[in-house]
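In: Quick one: sequence plus predicted model below, questions after.
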Amino acid sequence: MKKLINNPEDFVRESLEGMAAAHADLIKINFEPTYLCRVDAPRQGKVAIISGGGSGHEPMHAGFVGMGMLDAACPGEVFTSPTPDQMLAAAKAVDGGAGILYIVKNYSGDVMNFEMATELAYAEGIRVLNILIDDDVAVKDSLYTQGRRGVGTTILAEKICGAAAERGYDLQRVADLCRKVNLNGRSMGIALSSCTVPMRMLPTFELGANEMEVGIGIHGEPGRKRMDLKPANEIASMLALSILEDGVYKRTVREWDADKGKWFDLELVNQSLKKGDRILAFVNGMGGTPISELYIIYRKLADICANRGIQIVRNLIGSYITSLEMQGCSITLLKLDDEMIELWDAPVKTPSWCWGA
Amino acid sequence: MKKLINNPEDFVRESLEGMAAAHADLIKINFEPTYLCRVDAPRQGKVAIISGGGSGHEPMHAGFVGMGMLDAACPGEVFTSPTPDQMLAAAKAVDGGAGILYIVKNYSGDVMNFEMATELAYAEGIRVLNILIDDDVAVKDSLYTQGRRGVGTTILAEKICGAAAERGYDLQRVADLCRKVNLNGRSMGIALSSCTVPMRMLPTFELGANEMEVGIGIHGEPGRKRMDLKPANEIASMLALSILEDGVYKRTVREWDADKGKWFDLELVNQSLKKGDRILAFVNGMGGTPISELYIIYRKLADICANRGIQIVRNLIGSYITSLEMQGCSITLLKLDDEMIELWDAPVKTPSWCWGA
Amino acid sequence: MPNAQCPIPNSPCPMPINHYFNMNTEQILRWLQRFATKIEQNKEYLTELDAAIGDADHGINMERGFKKLLIQLPTIANKDIGSILKAVSMTLIASIGGASGPLYGTFFLRASSAVADKDELDEQDMLDMLRAGLNGVIERGKTQLGDKTMLDVLFPAVTAFEQAVDERKVMRDAMGQALAAAEQAMKDTALMQAKKGRASYLGDRSIGHQDPGATSCYLMLKCLYESL
Amino acid sequence: MPNAQCPIPNSPCPMPINHYFNMNTEQILRWLQRFATKIEQNKEYLTELDAAIGDADHGINMERGFKKLLIQLPTIANKDIGSILKAVSMTLIASIGGASGPLYGTFFLRASSAVADKDELDEQDMLDMLRAGLNGVIERGKTQLGDKTMLDVLFPAVTAFEQAVDERKVMRDAMGQALAAAEQAMKDTALMQAKKGRASYLGDRSIGHQDPGATSCYLMLKCLYESL
Ligand SMILES: Nc1ncnc2c1ncn2[C@@H]1O[C@H](COP(=O)(O)OP(=O)(O)O)[C@@H](O)[C@H]1O
Ligand SMILES: Nc1ncnc2c1ncn2[C@@H]1O[C@H](COP(=O)(O)OP(=O)(O)O)[C@@H](O)[C@H]1O
Ligand SMILES: [Mg+2]
Ligand SMILES: [Mg+2]
Ligand SMILES: [Mg+2]
Ligand SMILES: [Mg+2]
């Protein structure tokens, strides 16, 4: 695997520096600890939204910092959760007095580091809430396991909550909205090739010339199963049906009580998608797949939804949550209501998404 | 090479169908002959801008059809110029009475097919002008050769001319502006991997594990030379210096006299970039390279420009002119003046670019 | 009367001897049919040649056009030669694309004008037809000899045909000479550095590879010869 | 007085016999130094283990943290054991990231509280320290035994250590027993299906591979033993 990089150890820093240089009108960057935030942060009186996770998923998250979306992003090393000191420093930098929402993808590393950051922020008197995204239907059960991973729904939640915060929703309302988005989003992905972590320069997994990996996460971790490569239509069907036929999903998550300063357990339940539902359909590329192929997937997906009486009222097609240069795609279907549609359409101005502004 | 496709013969059609389905609010599609056009075409009294070329470069061109940019795009087969009947049908579909500008990349196929289309349109009483983009400095001399290829500057010209047409520039003014953009743009690219044409399913060229191809076009045609793979900073320097140190470039192009209905030769001269110039810096991914790597290239490019007293006043980073899933990048530097900056910033709303709208 | 003998045995033939070797509509159709089949058979070969110095699609492009042509041929079989070639031209222009689409399209378009309304071509007609097509290619492609394109086969072939006709060779013999010249010229394109088309971007790296368009053009002439 | 003999020969030792086998600051530093070096040496091995069932970064993550620690060690050498471990914790938390960062960070943070202000640890102190660290890992990771994580090494090791201390084994012997248990437990993680961490997404495909975090945890205990 060849890459446009210098020393592998400098990959994350140099990429972020390039990004900050390119978008100095929108974002500013801090090192030691590393975070990026809106150039106009802190916004007084506005709830601030922070996300973060391993690098290698670009443009997520740094590409979504800006007006109408994230106030700050904390990038870790490649595929490695960032550390609590980054999250705390970011919180201090963007806190406008209305509190902070951490949007956290459900991976043990992310969860634990954000939990530590939440405790640290509390100790410093910063009001933080903490919402998990766990939307990956490739992970079947949650009992005694880590539960579902956070994938495609993450950036949809960031957009919708970002718009809500911009409109003046208070912290609890933004957090409740984020939980609602998560409860209505489901994703599933496949890989045609492995990615290669710069520090290792070996493919994370080996795939035969005629194989694909089904039910992948976003870190090059192997998926649930390996299958013979299928035509795009069959892949689209398989992904779409995994989502459309996913049943009720129950699990217990930990949320933070910002008043009492402690964690509490909360049972959450996803309902299945059903005829008549309005959805946002998101076809995501894994980094090495051209957009022309994503449109072929979308074509079939639109067909399947139409046949089932599920209305695609918004869509999104592109490589937004990636695994370095991995080839493959994921589908995310998010059930929408009027509030979510309005917030989705609201203006956004970040390095990677810009509309209505 | 694995791809998210069905039958290779259906690749272009299915991808376009997916695109049209996804963006039905912006574009509509026609088959036999194939073209996409603005959903609100024809716009009475507005100059219409049409471009086209082989498929496999997505999002160019179809992704740039919409308000403030192209009125229509004519996609050919993969890496194969579209045919005159497509171009003529598109012209008829979007002609709002103010004439048509064909923006043509300088490849023998595109040039010849657009020339035939121009002649056919003339015969049918449609006023057409025809501007060539030839910005690829990898091609050194023009004497007795095809001259420079049209690459990155193409979509910058489409954006700037699209905005001008939207503002009511007349056909001659839009064409003159397009020629000006072309005279101020220069590009150069490299590939880390070959791409694979769906109908062939073999890499177009073979590259060793430690090699890169320098001075590539956008069709997987081999470049000017093969070199050992270099770190990103050296690649960025090599590309940037090829552009910055490119001297005066003279060539004769053929343009259409829409009054007399015949071709005439025109000598064009590019001037070198110099200290104090304001530029748009465009780092383009070839389709299989993640945006994180493009930012590493941009980082070095920004440095080089700053050291030479060349001001980057606008930038663009992403995979916009691609060669299927090829890994690699190109750099385009476009010298700007106030008019071009204003038109660049003007609202645009297409499947792939949307700002200010 | 393809390949008929002189009607009056043992006598000086009153008509120009080559009259009986004229090319008629049926042979024109046979030529097109044969060429289309040849393209199909050589689709991969032509594409491989293009992969070396171009963008690996010449065979694919040509086959797309000639597949359409095969379907179309029966529908135009009862037209005159000019009309047949005109229809061929329109089909190729609208379906090949790339560089070869307008070039082959223009070749047949100009060729058709040169033999408008005819049902049979004698050597002079054939020469007019080929020369018109050749000039079309030159004008459309703005090519010169030695640029390493299909012109480098077409030009020597037409020149050889003309010379043979001047020497009063019969159609088939003249075309045989043209074909021999074409074959040599095709091989010689390997020695040239490309100046036009995608291969030109390679600089001297294009040397050593036979030009794909020159090769398909040789196949066209070979099929023409074989249809006489 | 590391590994000193009982000061009064041929007499029942008045002090608990294991006093002379206490672990002092110097040994704690030696432990950390050794562990950091071991991580460096096993960076690739740990990463390969993670590649099989995780995301191929465990060695890289750990090495990033412990490289920082190596630089830091001289600056904290003259502190008490509690302060040293606290500083270690802060460095690891802020530099490892991933799942192992908060887990090792919490391990050392809790361990440090258990031995605050001490300059020497006897068996009971050591047990308190290890148990506090263990509990920290359980709370932070919400893990259970058999989930195929570092806990599956840490828990049996601490249990074995406790049992040995109950049996009044000296520090080095008790730690030897803990290490033996750890080694077996590490190997046994290969038999388990992962329930926590990235490996859990593999379902039963995680079976057959040794857990990377369990492996680094074994290395930590091995270095602890070797530093006594
Ligand atoms: N300007 C030109 N004049 C004559 N022939 C040309 C010209 N440009 C290209 N060709 C011919 O076209 C061939 C390539 O055709 P093809 O591969 O189908 O189109 P493209 O180059 O657009 O991919 C070349 O091998 C060459 O013989
Ligand atoms: N919830 C957890 N509790 C205890 N240990 C865990 C937990 N999650 C992961 N681990 C341990 O962490 C190891 C992986 O660490 P590492 O690869 O550095 O982090 P990441 O999984 O974020 O890439 C696993 O092998 C496992 O031993
Ligand atoms: Mg990781
Ligand atoms: Mg082509
Ligand atoms: Mg070609
Ligand atoms: Mg890992």
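Out: Now that the structure is in, tell me what you want to look at. Ligands and ions are numbered 1, 2, ... in the order given.
In: Low-confidence bits of the chain, can you list those?
Out: As the question left the chain open, I've gone with chain A. Counting by pLDDT under 70, the ranges of chain A that qualify are A:142-144.
In: wrong chain, I was asking about chain C
Out: C:1-20.
In: quick one: contacts of the helix or strand hosting C:Pro156?
Out: Assigned by DSSP states H and E, C:Pro156 falls within helix C:151-166. Here helix C:151-166 makes contact (CB atoms under 8 Å, 6 or more residues apart in numbering or on different chains) with C:107, C:123-124, C:126-127, C:130-131, C:133-134, C:137-138, C:141, C:143-146, C:173-175, C:177-182, C:184-186, C:188-189, C:192, C:211, C:214-215, C:217-218, C:221. Every residue, glycine included, has its C-beta placed from N, CA and C.
In: gap between the closest residue to C:Glu44 other than its chain neighbours and B:Met199?
Out: Taking CB to CB, 6 or more residues apart in numbering or on different chains, and ignoring the residues beside it in sequence, C:Glu44 has C:Gly59 as its nearest neighbour in space, at 5.9 Å. Look at C:Gly59 and B:Met199: by CB to CB, to the nearest Å, they are 9 Å apart.
In: Between those two, which is the more surrounded one?
Out: Remark: of C:Gly59 and B:Met199, C:Gly59 carries more neighbours, 26 against 23, as counted by other CB atoms under 10 Å in any protein chain shown.
In: Would you state the helices of the chain in chain order?
Out: Here I'm looking at chain A. With DSSP state H as the criterion, chain A has helices at A:11-22, A:84-94, A:108-123, A:153-166, A:171-184, A:232-244, A:291-307, A:338-345.
In: The chain in question should be chain C.
Out: C:25-41, C:43-53, C:58-76, C:81-95, C:100-114, C:123-141, C:151-166, C:171-188, C:212-226.
In: Wondering if the fifth one reaches ligand 5 at all.
Out: No: counting by CB under 5 Å from the ion, no contacts exist between helix C:100-114 and ligand 5, the nearest distance being 7.5 Å.
In: does that helix come close to ligand 4?
Out: No: using CB under 5 Å from the ion, helix C:100-114 stays clear of ligand 4, coming no nearer than 8.5 Å.
In: Report the inter-axis angle for that helix versus helix C:43-53.
Out: Helix C:100-114 runs at 120 degrees relative to helix C:43-53, counting by axes from the mean of the first three to the mean of the last three CA atoms, to 10 degrees.
In: helices and strands around helix C:100-114, which ones?
Out: helix B:108-123, helix C:58-76, helix C:81-95, helix C:123-141, helix C:212-226 (3 or more CB pairs under 8 Å, 6 or more residues apart in numbering or on different chains; DSSP states H and E).
In: Ligand 6: which of the ones you listed is closest?
Out: helix C:58-76 (44.8 Å; CB to the ion).
In: can you list contacts of that closest one?
Out: If you take CB under 8 Å, 6+ apart as the criterion, helix C:58-76 is touched by B:77, B:80, B:197, B:199-200, C:29, C:32-33, C:35-37, C:39-40, C:42-50, C:83-84, C:87-88, C:91-92, C:95-98, C:100-101, C:104, C:212-213, C:216.
In: and the helices of chain C, which is most packed in?
Out: helix C:100-114 (a mean of 26; mean count of other CB atoms under 10 Å in any protein chain shown).
In: That one close to ligand 1?
Out: Yes: shown here: helix C:100-114 in contact with ligand 1 (CB under 6 Å from any ligand atom) through C:Ser100, C:Leu103.
In: now that helix: how far from the chain's centre is it?
Out: Averaging C-alpha positions (CA atoms, centre = their mean, to the nearest Å) puts helix C:100-114 10 Å from its chain's average.
In: so what's the nearest residue to A:Asp345 once chain neighbours are set aside up against?
Out: Distances taken as CB to CB, 6+ apart put A:Gly356 closest to A:Asp345, at 7.0 Å, once the chain neighbours are dropped. For A:Gly356, the contacting residues are A:Asp345, A:Ala346, A:Pro347, A:Val348, B:Ala357, by CB under 8 Å, 6+ apart.
In: can you list contacts of stretch C:213-228?
Out: By CB under 8 Å, 6+ apart, stretch C:213-228 touches C:2-3, C:21, C:23, C:27-28, C:30-31, C:34-35, C:38-39, C:42, C:45-46, C:49, C:58, C:62, C:99-100, C:103, C:148-150, C:152-154, C:157, C:171-172, C:175-176, C:178-179, C:182-183, C:185-186, C:189, C:197.
In: Return the residues of chain C in contact with ligand 2.
Out: Applying CB under 6 Å from any ligand atom, one finds that chain C does not approach ligand 2 at all.
In: for chain B, what are the nearby residues on chain C?
Out: Within chain C, the residues that sit near chain B (CB under 8 Å from any CB of the partner chain) are C:47, C:51, C:53-57, C:60-61, C:64, C:93-103, C:105-106, C:140-142, C:144, C:147, C:195-203, C:205.
In: Recalculate using a threshold of 7 Å.
Out: Counting by CB under 7 Å from any CB of the partner chain, the residues of chain C close to chain B are C:47, C:51, C:54-57, C:60-61, C:64, C:93-95, C:97-99, C:101-103, C:140-141, C:195-198, C:200-203, C:205.
In: now do the stretch 51-200 of chain A
Out: So far as CB under 7 Å from any CB goes, the stretch 51-200 of chain A lies against chain B at A:Glu58, A:Pro59, A:Leu192, A:Ser193.
In: Quick check, the third one in contact with A:Gly328.
Out: In other words, A:Leu192. Yes: contact status for A:Leu192 versus A:Gly328: in contact at 5.0 Å, counting by CB atoms under 7 Å.
In: neighbour-wise, which of these two wins?
Out: Between A:Leu192 and A:Gly328, counted using other CB under 10 Å, A:Gly328 has the larger neighbour count: 28 against 23.
In: Quick check: bridge partners of that one?
Out: A:Ala191 (DSSP bridges).
In: Quick check: it touching A:Met286?
Out: Yes: here A:Gly328 lies in contact with A:Met286, judged by CB under 7 Å, at a distance of 4.2 Å.
In: anything in contact with each of these two?
Out: Residues touching both A:Gly328 and A:Met286 (CB atoms under 7 Å, 6 or more residues apart in numbering or on different chains): A:Ala191.
In: List the contacts of A:Asn7.
Out: Contacts for A:Asn7 (CB under 7 Å, 6+ apart) come out as none.
In: hmm, try it at 10 Å
Out: A:Arg13, A:Glu14, A:Pro198, A:Met199, B:Pro231, B:Ala232, B:Asn233 (CB atoms under 10 Å, 6 or more residues apart in numbering or on different chains).
In: Can you name the residues that contact the first one?
Out: I take that to be A:Arg13. Taking CB under 10 Å, 6+ apart as the test, what A:Arg13 contacts is A:Asn7, A:Ile29, A:Phe31, A:Thr34, A:Ser55, A:Pro75, A:Glu77, B:Ile296, B:Arg299.
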